[in-house]
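> Turn this into a structure:
(3 chains)
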Amino acid sequence: MPDLLANLNPEQHAAVTLPNEPALILAGAGSGKTRVLITRIAWLIQQGLASPATVLAVTFTNKAAREMMGRLSALLPIDTRGMWIGTFHGLCNRMLRAHYRDAGLPATFQILDTADQLSAIKRLMKGLNIDDEKYPAKNLQYFINNAKEQGLRPKDVDVTDNFNRKFVELYEAYDQQCQREGVVDFPELLLRCYELLAHNPPLRAHYQARFRHILVDEFQDTNKLQYAWLKLLAGQNNAIFAVGDDDQSIYAFRGANVGNMRDFEEEFRVRHLIKLEQNYRSHGYILDAANQLIAHNARRLGKNLRTDAGHGEPVRVYEAATDSQEAGWIVEEIRALINTGLARHEIAVLYRSNAQSRTIEHTLVNAGIPYRVYGGLRFFERQEVKHALAYLRLIDNPSDDTAFARVVNFPARGIGARSIEQLTDAARLYNCSMAAAIPYVAGKAGSSLAGFANLIAKMRAETQQMSLPETVEYTVRASGLADFYQNEREGQDRLENLQELVNAAAAFVSEEGYGLDTPARSIPLRPGATSAPELATAAGDEVEVLDAPAITDPAQNPDVMTPLAGFLSHASLEAGDNQAQAGQDAVQLMTVHAAKGLEFTAVFITGLEEGLFPHENSAMEADGLEEERRLMYVAITRAKERLYLSFAQSRMLHGQTRYNIRSRFFDELPQDTLKWLTPKVEAGARWGGRSDNAGWGRDWFARPDGQRAGRDEYRGEPSAPLPAFANEQRAAETGFRVGQQVFHTKFGEGTITALEGSGTDAKAQVRFKRHGEKWLALAVAKLQPVE
DNA sequence: TGAAGGTCGCTTTTT
DNA sequence: GCGACCTTCA
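All right, here's what the predicted structure looks like:
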């Protein structure tokens, strides 16, 4: 029997072995939070305090859920399938599939992702002739999701004015449309599941009796609805083991409510509050910086990280003249780090907003350093993949109008906007789906639509006995998608992705433990399967906890989805990785948000300027600045050994050059942990704000005070050379070189101290004998070389 | 029916 | 500055 408790520190040990009572674990960054969560489950089972079927563990991302399952089965030889480990949405989906009748849903209900939802809303508004200018579909989407996350149905929303009344009406119409089509959006999965439990006492009692152990990861990120769902599931008797960090709450903008931690403490009368403050990730100076920064936040539960590692390296700070100079410095430092033997994937460049990645990417490309950008299009979001999925959804559920509208004329089959209009009119008239309305459309439009209906019918018939991978492969071909992309000039990648979809289906079948020949569209018989059957309708007050018996009679096991339904859920709930060159050893580029939960030996936090980080929009939001500070805290605590902070005096943003002052966060960090690689300019000596350049010559832009930290003043002893990056290359592009003597008609003689950009964007920094240092646009300024 | 051209917006994002 | 999305036109 493995000793699960070995090597735990006292706080971790205490958390893992708590009695089965409500507990809140305040887990600082890098304090072994996931380890505690996993060890807790393993310990409960090992001690005989819990059987796998009584455990429910919920996370926010599929990645976290997978990690938990993986590490758990490595820790104990248990079948994790008996447990319910997954995301809020994944678990709710599972419950709704099991009790679809009680939840008022068709067996084959489909899940709309955010993009599907928006197109469903647009379709709805078009049908109702709503002015998209006055009531933008995006705003309605936000309104609906927000209401659902507050647990509010249309009848529950307060009508305050006519504008709001319209939104409530549209919300209601949207819900009716979803109901008719048999589709649910993301928040609906949660709300529907909440209502299922709230309105069905026997069912609620069943699950409350079953899930004696509820564990929640990243509790600070839960929204109101998720908290209510947890409360319902816990009932009077069950304990919730909540793990979270209020200092890392960075998702308020999408409904996360840090207040849930306080509420949980009070409402559940939490007697066990344990703080994990021992940090196993970062060196001392880095932690000092994090601790002192976050101490500036007023509303905290309070906690301070400590480490046994030494001080380590100081935090290096660099002030650049421009965003591209900042990028140049970063790349030089990265090159130096790589030269010392550091793996590229141990280096991360973080930024507040995605737009900042461009300059850095550009500079990395020029330097020939491989990198990977996180974010962007993910596999199941690609258009060709979504097209194929739409056909599969139509096979499974013909009423899914979102899927129907997406592919009725793709590949093109002569069904134009007019035909679609006729069809939607008919569908509204007969209150049926678009597919069902086809017979009511007459004429040429009617016959081409009938052709499409026949295609889908044929596909449904042909795939009746096929396995899931066969079904997908058949669909890709029979839909005409394969031919279409085959003939498309740049369709090869898309064709490969469609093949990849077939592979994904095969992988899904094998991971779920289906036989390879299991028909995709029937409830599979899985001899020896350990998934616990659920009550279709629980009767009476007697509730029995069913301990994972083998499934023998599919009719009694409504919780088993067909492989196709499972795969379609999987595609909606897990959008997959983004396609960036995975596998290669590459420098990691991402937003600070995306970096949460990750760690790197060396971290660059870039663009530390007022307006950017903290972001200017945060000033308008309640608690906005504190959230920005938490974001900075998250960023700092990603670093293990080396932390670099940088900012630029000017930056190209939205096609305009902006002049920013350095972030206030610099003043909130302990100064003795910082090592300025460029001279630190005191706040009072600094100019700030925007400059519209009025009154200044058009051909140059410089700080009005004529001062700047020149690269010749660079005093660091960095691993990297001075930011005289790629000078040779610049020389070739601009015709000038750094160090060259030049003459300007207005400013006279000077020396080039830096070059950047190319073509019409090329700029030179020149130190003039009488006018100080200035940046000049080479396309405008007439610089002449002095022999 | 697709290409071309114009307009809009632009913080962070998982499910 | 750039991409996404919408409309327009041949």
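
> Quick check: residue A:646 is in a strand.
Yes - checked against DSSP: H, G, I helix; E, B strand; the rest coil, residue A:646 lies within a strand.

> In contact with it, which residues are there?
Applying CB atoms under 8 Å, 6 or more residues apart in numbering to residue A:646 gives the contacts A:317, A:318, A:319, A:320, A:326, A:329, A:330, A:604, A:605, A:606, A:607, A:608. The C-beta positions use only the backbone N, C-alpha and C, and glycine is treated the same way.

> what's the answer for residue A:628, then?
Per CB under 8 Å, 6+ apart, neighbours of residue A:628: A:613, A:614, A:615, A:618.

> so residue A:607 touches residue A:349, yeah?
No - in this structure, residue A:607 is not within contact of residue A:349 by CB atoms under 8 Å, at 10.2 Å.

> between those two, which one's more packed in?
Ranked by neighbour count (other CB atoms under 10 Å), residue A:607 and residue A:349 place residue A:349 first, with 28 against 25.

> For the more buried one, which non-adjacent residue is spatially closest?
residue A:604 (4.6 Å; CB to CB, 6 or more residues apart in numbering).

> try residue A:226
residue A:88 (5.3 Å).

> how about the strands of the stretch 201-350 of chain A, start to end?
A:213-216, A:239-244, A:272-276, A:315-322, A:347-351 (DSSP state E, counting those that start in this stretch).

> meant to ask about the stretch 351-500 of chain A, not that
So, for the stretch 351-500 of chain A - with DSSP E, counting those that start in this stretch - the strands run A:371-373.

> Around DNA strand B, which positions in it sit nearby?
Contact residues, the stretch 351-500 of chain A versus DNA strand B (CB under 7 Å from any atom of the strand): A:352, A:353, A:354, A:355, A:375, A:409, A:412, A:413, A:414, A:416, A:417.

> out of those residues, who's near DNA strand C?
Among those, the residues within reach of DNA strand C (CB under 7 Å from any atom of the strand) are residue A:355.

> Can you select the buried ones from the residues of the stretch 351-500 of chain A next to DNA strand B in PyMOL?
Buried residues within those, by 16 or more other CB atoms under 10 Å, are selected in PyMOL with:
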select buried, chain A and resi 352+354+409
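
> I'd like to know which of the residues of the stretch 351-500 of chain A next to DNA strand B is nearest to residue A:109.
residue A:409 (25.1 Å; CB to CB).

> Same list (the strands of the stretch 201-350 of chain A) but as a markdown table, adding distance to DNA strand C.
As requested, these are exported to a markdown table (distance: least, CB to the nearest atom of the strand, whole Å):
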| stretch | distance to DNA strand C |
| --- | --- |
| strand A:213-216 | 34 |
| strand A:239-244 | 34 |
| strand A:272-276 | 41 |
| strand A:315-322 | 13 |
| strand A:347-351 | 15 |
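
> quick one: which of those strands is nearest residue A:301?
Smallest distance to residue A:301 across the strands of the stretch 201-350 of chain A (CB to CB): 8.4 Å, for strand A:272-276.

> now check whatever helix or strand residue A:147 lives in, is it near DNA strand B?
In this structure, residue A:147 sits in helix A:137-149 according to DSSP states H and E. No - Helix A:137-149 is not in contact with DNA strand B by CB under 7 Å from any atom of the strand; minimum separation 7.5 Å.

> How about the backbone phi and psi for residue A:751?
Dihedral angles of residue A:751 (phi, psi; degrees, to the nearest 10) stand at phi -120, psi 140.

> Please report how far it lies from residue A:740.
Look at residue A:751 and residue A:740: by CB to CB, to the nearest Å, they are 7 Å apart.

> Tell me who's in contact with residue A:167.
Counted by CB under 8 Å, 6+ apart, residue A:167 has contacts A:135, A:139, A:140, A:143.

> surely residue A:441 meets residue A:452?
No - using CB under 8 Å, residue A:441 is not in contact with residue A:452, being 11.1 Å away.

> Most neighbours among the contacts of residue A:167, which one?
The most crowded member of the contacts of residue A:167, judged by other CB under 10 Å, is residue A:140 (22 neighbours).

> Surely it is in contact with residue A:125?
Yes - the pair residue A:140 / residue A:125 is scored as a contact, 7.3 Å apart, by CB under 8 Å.

> list residues touching both of these two?
If you check residue A:140 and residue A:125 against CB under 8 Å, 6+ apart, the residues they both contact are residue A:170.

> DNA strand C contacts on chain A?
Counting by CB under 7 Å from any atom of the strand, the residues of chain A close to DNA strand C are A:122, A:355, A:358, A:652, A:654, A:655.

> Residue A:437: how many residues sit nearby?
21.

> Contact partners for it?
Applying CB under 8 Å, 6+ apart to residue A:437 gives the contacts A:423, A:424, A:426, A:427, A:429, A:430.

> Mind checking which of the residues of the stretch 351-500 of chain A next to DNA strand B land in helices?
residue A:417 (DSSP state H).

> Could you identify the most distant pair in the residues of the stretch 351-500 of chain A next to DNA strand B?
A:352 and A:414 (48.0 Å).

> what's residue A:134 sitting at in phi/psi?
phi -80, psi -40.

> same check, this time on residue A:277
Torsion angles, degrees, to the nearest 10, at residue A:277: phi -120, psi -10.

> burial measure for the residue in the stretch 201-350 of chain A positioned nearest to DNA strand C, as a count.
Taking CB to the nearest atom of the strand as the measure, the point where the stretch 201-350 of chain A comes nearest DNA strand C is residue A:323, at 11.1 Å. Residues lying near residue A:323 (other CB under 10 Å) number 28.

> Good, wrapping up.
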